[in-house]
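Undergrad: Could you look at this predicted model? Sequence included:
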Amino acid sequence: MDSSLRAATSSLSTPLCGRRTSATLPPMTAEALLAPGLYLVATPIGNLEDMTLRAARVLKQADLIACEDTRHTQKLLNHFGITTRAISYHEHNEASRAAELIERLAHGARIAILSDAGTPGISDPGFRLVSLAIQRGITVVSIPGSTAFVTALVASGLPLELFSFRGFLPPKSGARRRELEKIRISSSTEIFYEAPHRIRETLEDVVEALGPQRPVVVARELTKIHEEFLRGTAEQVLGSLKTRDDIKGEIVLLIGAAMEGENQSPPLSIRNRVEQIMREEKLGEKNALKKAAKERGISKSEAYREMQRKQR
Ligand code: SAM
(Lines give C-alpha, C1' and ligand atoms only; values in the text may rest on other atoms or scores of the structure.)
Protein backbone atom coordinates (compact mmCIF):
# COMPACT_ATOMS: atom_id res chain seq x y z
CA MET A 1 0.00 0.00 0.00
CA ASP A 2 1.51 3.38 -0.89
CA SER A 3 2.17 5.70 2.05
CA SER A 4 -0.38 8.41 1.16
CA LEU A 5 -3.09 5.78 0.82
CA ARG A 6 -2.09 4.30 4.18
CA ALA A 7 -2.40 7.78 5.75
CA ALA A 8 -5.85 8.13 4.22
CA THR A 9 -7.03 4.75 5.45
CA SER A 10 -5.75 5.29 8.96
CA SER A 11 -7.23 8.77 9.28
CA LEU A 12 -10.62 7.57 8.06
CA SER A 13 -10.70 4.69 10.52
CA THR A 14 -9.33 6.57 13.56
CA PRO A 15 -12.01 8.24 15.67
CA LEU A 16 -11.14 11.81 16.65
CA CYS A 17 -12.86 11.57 20.01
CA GLY A 18 -13.45 8.94 22.63
CA ARG A 19 -10.71 7.69 24.89
CA ARG A 20 -7.74 7.98 22.55
CA THR A 21 -5.07 10.43 23.57
CA SER A 22 -3.85 13.18 21.28
CA ALA A 23 -0.74 11.07 20.64
CA THR A 24 -2.87 8.58 18.70
CA LEU A 25 -4.69 11.18 16.58
CA PRO A 26 -3.83 11.12 12.89
CA PRO A 27 -1.41 13.87 11.92
CA MET A 28 -3.53 16.84 10.81
CA THR A 29 -1.12 17.64 8.02
CA ALA A 30 -1.57 14.25 6.38
CA GLU A 31 -3.25 14.75 3.04
CA ALA A 32 -5.80 11.95 3.19
CA LEU A 33 -7.22 11.12 -0.23
CA LEU A 34 -10.70 12.34 -0.91
CA ALA A 35 -13.01 9.64 -2.22
CA PRO A 36 -15.55 10.55 -4.93
CA GLY A 37 -18.81 11.86 -3.51
CA LEU A 38 -20.85 14.80 -2.32
CA TYR A 39 -19.36 16.62 0.69
CA LEU A 40 -21.61 18.90 2.79
CA VAL A 41 -19.10 21.25 4.33
CA ALA A 42 -20.05 23.46 7.30
CA THR A 43 -18.26 26.81 7.41
CA PRO A 44 -18.03 29.48 10.16
CA ILE A 45 -21.09 31.61 11.05
CA GLY A 46 -18.93 34.66 11.76
CA ASN A 47 -15.61 33.69 13.27
CA LEU A 48 -13.09 32.25 10.82
CA GLU A 49 -11.37 30.38 13.66
CA ASP A 50 -14.39 28.06 13.63
CA MET A 51 -13.32 26.60 10.27
CA THR A 52 -12.31 23.00 10.89
CA LEU A 53 -9.07 21.48 9.59
CA ARG A 54 -11.11 18.81 7.85
CA ALA A 55 -13.38 21.34 6.15
CA ALA A 56 -10.36 23.20 4.77
CA ARG A 57 -8.75 19.97 3.52
CA VAL A 58 -11.93 18.74 1.85
CA LEU A 59 -12.38 22.10 0.09
CA LYS A 60 -8.75 22.01 -1.07
CA GLN A 61 -9.01 18.50 -2.46
CA ALA A 62 -12.48 18.74 -4.01
CA ASP A 63 -12.78 18.99 -7.80
CA LEU A 64 -15.46 21.65 -7.49
CA ILE A 65 -17.19 23.75 -4.85
CA ALA A 66 -20.89 24.56 -5.25
CA CYS A 67 -21.86 27.53 -3.10
CA GLU A 68 -24.65 30.08 -2.65
CA ASP A 69 -22.66 33.19 -3.51
CA THR A 70 -19.33 32.72 -5.28
CA ARG A 71 -18.02 36.18 -4.35
CA HIS A 72 -18.80 35.65 -0.67
CA THR A 73 -17.26 32.15 -0.66
CA GLN A 74 -14.19 33.35 -2.55
CA LYS A 75 -13.20 35.46 0.49
CA LEU A 76 -13.29 32.36 2.69
CA LEU A 77 -11.34 30.34 0.12
CA ASN A 78 -8.70 33.09 -0.22
CA HIS A 79 -8.31 33.25 3.56
CA PHE A 80 -7.48 29.54 3.69
CA GLY A 81 -5.42 29.49 0.49
CA ILE A 82 -7.93 27.25 -1.30
CA THR A 83 -7.81 27.44 -5.09
CA THR A 84 -10.62 25.00 -5.99
CA ARG A 85 -13.08 26.41 -8.53
CA ALA A 86 -16.38 27.62 -7.07
CA ILE A 87 -19.71 27.72 -8.93
CA SER A 88 -23.09 28.99 -7.76
CA TYR A 89 -25.76 26.74 -6.31
CA HIS A 90 -28.62 28.70 -4.76
CA GLU A 91 -32.40 28.62 -4.41
CA HIS A 92 -32.92 30.15 -7.89
CA ASN A 93 -30.81 27.66 -9.88
CA GLU A 94 -31.14 24.73 -7.48
CA ALA A 95 -33.14 22.47 -9.81
CA SER A 96 -30.99 22.85 -12.95
CA ARG A 97 -27.71 22.96 -11.06
CA ALA A 98 -28.58 19.88 -9.01
CA ALA A 99 -29.10 17.81 -12.17
CA GLU A 100 -25.75 18.98 -13.56
CA LEU A 101 -23.90 18.29 -10.29
CA ILE A 102 -25.45 14.84 -9.99
CA GLU A 103 -24.16 13.94 -13.47
CA ARG A 104 -20.63 14.98 -12.48
CA LEU A 105 -20.90 13.05 -9.23
CA ALA A 106 -22.12 9.97 -11.09
CA HIS A 107 -18.90 10.15 -13.15
CA GLY A 108 -16.74 10.09 -10.01
CA ALA A 109 -16.35 13.79 -9.14
CA ARG A 110 -15.68 15.02 -5.62
CA ILE A 111 -17.97 17.98 -5.06
CA ALA A 112 -18.19 20.11 -1.93
CA ILE A 113 -21.33 22.06 -1.21
CA LEU A 114 -21.26 25.19 0.96
CA SER A 115 -23.76 27.73 2.12
CA ASP A 116 -22.88 31.36 2.84
CA ALA A 117 -22.39 30.45 6.48
CA GLY A 118 -23.02 27.48 8.74
CA THR A 119 -24.25 24.10 7.65
CA PRO A 120 -25.62 23.54 4.13
CA GLY A 121 -29.25 22.41 4.12
CA ILE A 122 -30.11 24.17 7.41
CA SER A 123 -32.44 26.96 6.20
CA ASP A 124 -30.22 26.89 3.09
CA PRO A 125 -30.05 24.89 -0.15
CA GLY A 126 -28.71 21.35 0.06
CA PHE A 127 -31.59 18.97 0.67
CA ARG A 128 -32.48 18.48 -3.01
CA LEU A 129 -28.93 17.57 -3.95
CA VAL A 130 -28.55 15.19 -1.01
CA SER A 131 -31.77 13.34 -1.80
CA LEU A 132 -30.89 13.06 -5.52
CA ALA A 133 -27.40 11.82 -4.65
CA ILE A 134 -28.82 9.17 -2.32
CA GLN A 135 -31.27 8.04 -5.01
CA ARG A 136 -28.35 7.61 -7.44
CA GLY A 137 -26.24 5.67 -4.93
CA ILE A 138 -23.67 8.49 -4.64
CA THR A 139 -21.74 8.73 -1.38
CA VAL A 140 -22.82 11.68 0.78
CA VAL A 141 -20.40 12.86 3.47
CA SER A 142 -21.27 15.40 6.17
CA ILE A 143 -18.35 17.55 7.34
CA PRO A 144 -19.64 19.02 10.61
CA GLY A 145 -18.99 22.50 11.93
CA SER A 146 -20.98 25.57 12.91
CA THR A 147 -24.76 25.87 12.87
CA ALA A 148 -26.32 29.01 14.31
CA PHE A 149 -29.22 27.32 16.08
CA VAL A 150 -27.06 24.76 17.92
CA THR A 151 -24.57 27.48 18.89
CA ALA A 152 -27.46 29.51 20.33
CA LEU A 153 -29.25 26.60 21.98
CA VAL A 154 -26.36 25.26 24.03
CA ALA A 155 -25.66 28.66 25.63
CA SER A 156 -29.29 29.76 25.93
CA GLY A 157 -29.86 28.29 29.37
CA LEU A 158 -33.13 26.76 28.12
CA PRO A 159 -33.67 23.01 28.59
CA LEU A 160 -31.94 20.87 25.97
CA GLU A 161 -33.63 17.48 26.43
CA LEU A 162 -36.29 18.26 23.86
CA PHE A 163 -36.08 20.97 21.23
CA SER A 164 -37.45 21.78 17.77
CA PHE A 165 -35.77 23.85 15.12
CA ARG A 166 -38.41 25.57 12.98
CA GLY A 167 -36.34 27.74 10.62
CA PHE A 168 -37.53 31.25 9.72
CA LEU A 169 -40.84 32.55 11.05
CA PRO A 170 -43.17 33.95 8.37
CA PRO A 171 -42.53 37.66 7.74
CA LYS A 172 -46.23 38.65 7.88
CA SER A 173 -47.83 39.03 11.29
CA GLY A 174 -50.94 36.91 10.56
CA ALA A 175 -49.02 33.87 9.39
CA ARG A 176 -46.47 34.38 12.15
CA ARG A 177 -49.20 34.36 14.81
CA ARG A 178 -50.59 31.14 13.40
CA GLU A 179 -47.11 29.59 13.55
CA LEU A 180 -46.65 30.76 17.15
CA GLU A 181 -50.09 29.39 18.09
CA LYS A 182 -48.74 25.93 17.18
CA ILE A 183 -46.26 26.09 20.05
CA ARG A 184 -48.65 27.52 22.65
CA ILE A 185 -48.62 24.35 24.74
CA SER A 186 -45.27 23.05 23.56
CA SER A 187 -43.15 21.20 26.10
CA SER A 188 -39.91 21.69 24.13
CA THR A 189 -37.53 24.54 23.53
CA GLU A 190 -38.55 26.04 20.17
CA ILE A 191 -35.93 27.63 17.93
CA PHE A 192 -36.41 30.08 15.05
CA TYR A 193 -34.26 32.20 12.79
CA GLU A 194 -35.39 35.83 12.62
CA ALA A 195 -34.33 39.01 10.84
CA PRO A 196 -33.14 41.92 13.03
CA HIS A 197 -35.69 44.38 11.60
CA ARG A 198 -38.56 42.06 12.56
CA ILE A 199 -37.47 40.88 16.00
CA ARG A 200 -39.46 43.50 17.94
CA GLU A 201 -42.76 42.85 16.16
CA THR A 202 -42.17 39.09 16.45
CA LEU A 203 -41.66 39.42 20.20
CA GLU A 204 -44.87 41.47 20.39
CA ASP A 205 -46.60 38.53 18.72
CA VAL A 206 -44.92 36.14 21.19
CA VAL A 207 -46.25 38.21 24.11
CA GLU A 208 -49.76 38.21 22.62
CA ALA A 209 -49.87 34.59 21.49
CA LEU A 210 -47.86 32.85 24.21
CA GLY A 211 -48.13 35.26 27.10
CA PRO A 212 -45.75 37.86 28.59
CA GLN A 213 -44.15 35.36 30.98
CA ARG A 214 -42.97 32.86 28.36
CA PRO A 215 -39.18 32.37 28.61
CA VAL A 216 -37.34 33.77 25.61
CA VAL A 217 -33.72 34.08 24.50
CA VAL A 218 -32.51 36.31 21.69
CA ALA A 219 -29.03 35.21 20.55
CA ARG A 220 -27.47 37.85 18.33
CA GLU A 221 -24.24 37.99 16.32
CA LEU A 222 -23.02 34.60 17.53
CA THR A 223 -19.27 34.03 17.38
CA LYS A 224 -18.73 37.67 16.32
CA ILE A 225 -17.38 40.71 18.21
CA HIS A 226 -20.83 41.94 19.26
CA GLU A 227 -22.21 38.55 20.30
CA GLU A 228 -24.96 38.85 22.91
CA PHE A 229 -27.62 36.78 24.62
CA LEU A 230 -30.76 38.47 25.94
CA ARG A 231 -32.49 36.12 28.36
CA GLY A 232 -35.73 36.65 30.24
CA THR A 233 -39.49 36.59 29.85
CA ALA A 234 -40.93 37.61 26.47
CA GLU A 235 -42.03 40.88 28.03
CA GLN A 236 -38.58 41.63 29.52
CA VAL A 237 -36.64 40.85 26.35
CA LEU A 238 -39.07 42.89 24.26
CA GLY A 239 -38.79 45.76 26.75
CA SER A 240 -35.01 45.66 26.52
CA LEU A 241 -35.03 45.67 22.69
CA LYS A 242 -37.53 48.53 22.63
CA THR A 243 -35.00 50.79 24.33
CA ARG A 244 -32.63 50.46 21.34
CA ASP A 245 -32.62 52.79 18.35
CA ASP A 246 -31.63 50.08 15.96
CA ILE A 247 -31.17 46.33 16.04
CA LYS A 248 -28.55 44.92 13.73
CA GLY A 249 -26.96 41.58 13.07
CA GLU A 250 -28.11 38.01 12.78
CA ILE A 251 -30.54 36.55 15.28
CA VAL A 252 -31.66 33.21 16.66
CA LEU A 253 -34.86 33.37 18.70
CA LEU A 254 -35.44 30.65 21.27
CA ILE A 255 -38.72 30.19 23.10
CA GLY A 256 -38.91 28.07 26.23
CA ALA A 257 -41.56 25.45 26.92
CA ALA A 258 -44.99 26.45 28.24
CA MET A 259 -45.03 26.40 32.02
CA GLU A 260 -46.74 23.49 33.78
CA GLY A 261 -50.48 24.17 33.77
CA GLU A 262 -50.01 27.39 31.81
CA ASN A 263 -51.68 27.68 28.44
CA GLN A 264 -52.72 24.04 28.67
CA SER A 265 -56.41 24.75 28.22
CA PRO A 266 -57.77 25.06 24.68
CA PRO A 267 -57.95 28.67 23.41
CA LEU A 268 -61.10 30.62 24.20
CA SER A 269 -63.69 30.87 21.46
CA ILE A 270 -63.56 34.17 19.57
CA ARG A 271 -66.78 35.33 21.25
CA ASN A 272 -65.42 34.57 24.75
CA ARG A 273 -62.11 36.18 23.96
CA VAL A 274 -63.82 39.32 22.60
CA GLU A 275 -65.93 39.53 25.75
CA GLN A 276 -62.84 39.02 27.91
CA ILE A 277 -60.98 41.84 26.12
CA MET A 278 -64.03 44.13 26.43
CA ARG A 279 -64.19 43.40 30.16
CA GLU A 280 -60.48 43.55 30.97
CA GLU A 281 -59.40 46.32 28.66
CA LYS A 282 -62.59 48.37 28.63
CA LEU A 283 -62.75 48.31 24.83
CA GLY A 284 -65.84 48.44 22.64
CA GLU A 285 -66.85 45.30 20.71
CA LYS A 286 -65.38 46.55 17.43
CA ASN A 287 -61.92 47.19 18.88
CA ALA A 288 -61.99 44.03 20.96
CA LEU A 289 -62.81 42.02 17.84
CA LYS A 290 -59.94 43.71 16.00
CA LYS A 291 -57.56 42.78 18.80
CA ALA A 292 -58.82 39.18 19.06
CA ALA A 293 -58.45 38.76 15.29
CA LYS A 294 -54.87 40.05 15.42
CA GLU A 295 -54.02 37.64 18.23
CA ARG A 296 -55.26 34.69 16.21
CA GLY A 297 -53.56 35.86 13.03
CA ILE A 298 -56.85 36.10 11.13
CA SER A 299 -58.67 39.00 9.47
CA LYS A 300 -61.40 40.99 11.26
CA SER A 301 -64.06 39.68 8.90
CA GLU A 302 -62.89 36.10 9.43
CA ALA A 303 -63.07 36.61 13.21
CA TYR A 304 -66.53 38.15 12.85
CA ARG A 305 -67.76 35.20 10.76
CA GLU A 306 -66.35 32.76 13.32
CA MET A 307 -68.08 34.63 16.11
CA GLN A 308 -71.40 34.49 14.25
CA ARG A 309 -70.98 30.79 13.51
CA LYS A 310 -70.31 29.99 17.16
CA GLN A 311 -73.47 31.90 18.16
CA ARG A 312 -75.75 29.84 15.97
N1 SAM B 1 -27.09 27.41 7.32
C2 SAM B 1 -27.06 28.33 8.44
C3 SAM B 1 -26.84 27.56 9.73
O4 SAM B 1 -26.31 26.45 9.68
O5 SAM B 1 -27.16 28.05 10.80
C6 SAM B 1 -28.30 29.20 8.49
C7 SAM B 1 -28.53 30.00 7.26
S8 SAM B 1 -29.91 31.02 7.34
C9 SAM B 1 -30.05 31.53 5.65
C10 SAM B 1 -29.29 32.49 8.06
C11 SAM B 1 -29.91 32.75 9.45
O12 SAM B 1 -29.21 32.01 10.44
C13 SAM B 1 -29.75 34.21 9.90
O14 SAM B 1 -30.77 35.02 9.37
C15 SAM B 1 -29.84 34.07 11.41
O16 SAM B 1 -31.19 33.94 11.82
C17 SAM B 1 -29.10 32.75 11.63
N18 SAM B 1 -27.68 33.04 11.85
C19 SAM B 1 -26.66 32.80 11.00
N20 SAM B 1 -25.48 33.22 11.55
C21 SAM B 1 -25.79 33.72 12.76
C22 SAM B 1 -25.02 34.31 13.80
N23 SAM B 1 -23.71 34.48 13.69
N24 SAM B 1 -25.67 34.72 14.92
C25 SAM B 1 -27.00 34.57 15.05
N26 SAM B 1 -27.76 34.02 14.10
C27 SAM B 1 -27.18 33.59 12.98
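TA: That came in fine, so what should we check first?
Undergrad: least trustworthy helix or strand in this structure by mean pLDDT?
TA: Among the helices and strands of the chain, helix 3-13 carries the lowest confidence by mean pLDDT, DSSP states H and E, at a mean of 34.
Undergrad: which strands and helices sit next to the following helix or strand past that helix?
TA: Per DSSP states H and E, the first helix or strand lying C-terminal to helix 3-13 is strand 37-41. Judged by 3 or more Cβ pairs under 8 Å, 6 or more residues apart in numbering; DSSP states H and E, strand 37-41 is in contact with helix 53-61, helix 94-106, strand 110-114, helix 127-135, strand 140-143. (C-beta placed from N, C-alpha, C; glycine too.)
Undergrad: What residues does the stretch 101-250 of the chain have near the ligand?
TA: Residues of the stretch 101-250 of the chain lying close to the ligand (Cβ under 6 Å from any ligand atom) are 115, 117-119, 122-124, 147-149, 193-194, 219, 221-224, 250.
Undergrad: These in helices, which ones?
TA: Cross-referencing these against helices under DSSP state H gives Ala148, Phe149.
Undergrad: Quick one: residues contacting the closest residue to Leu76 other than its chain neighbours.
TA: Spatial nearest neighbour of Leu76, chain neighbours left out: Thr43 (6.1 Å); criterion: Cβ to Cβ, 6 or more residues apart in numbering. Counting by Cβ atoms under 8 Å, 6 or more residues apart in numbering, Thr43 touches Met51, Ala55, Leu76, Leu114, Ser115, Ala117, Gly118, Gly145, Ser146.
Undergrad: if we go to 7 Å?
TA: Met51, Ala55, Leu76, Leu114, Ala117, Gly118, Gly145 (Cβ atoms under 7 Å, 6 or more residues apart in numbering).
Undergrad: do you know how far it is from the ligand?
TA: In this view, Thr43 and the ligand are 9 Å apart by Cβ to the nearest ligand atom, to the nearest Å.
Undergrad: So that it lines up with my notes, have the first residue be 611 from now on.
TA: New numbering, starting at 611: the last item is Thr653.
Undergrad: can you pull the pLDDT of that residue?
TA: In this model, Thr653 is scored at 98, pLDDT.
Undergrad: quick one: it from Gln684, how far?
TA: 13 Å (Cβ to Cβ, to the nearest Å).
Undergrad: likewise Leu770?
TA: For Leu770, the distance to Gln684 (Cβ to Cβ) stands at 36 Å.
Undergrad: go on, Arg824?
TA: Arg824 is 43 Å from Gln684, by Cβ to Cβ.
Undergrad: Give me the more crowded residue out of the two.
TA: Arg824 (25 against 14; other Cβ atoms under 10 Å).
Undergrad: If we ignore the residues flanking it in sequence, what's nearest that one?
TA: Counting by Cβ to Cβ, 6+ apart, Arg824 lies nearest to Ala844, which is 4.7 Å off, once chain neighbours are set aside.
Undergrad: The closest residue to the ligand within the chain pairs with what?
TA: With Cβ to the nearest ligand atom as the measure, Gly728 is the residue of the chain nearest to the ligand, at 2.4 Å. With DSSP bridges as the criterion, Gly728 is bridged to Thr653.
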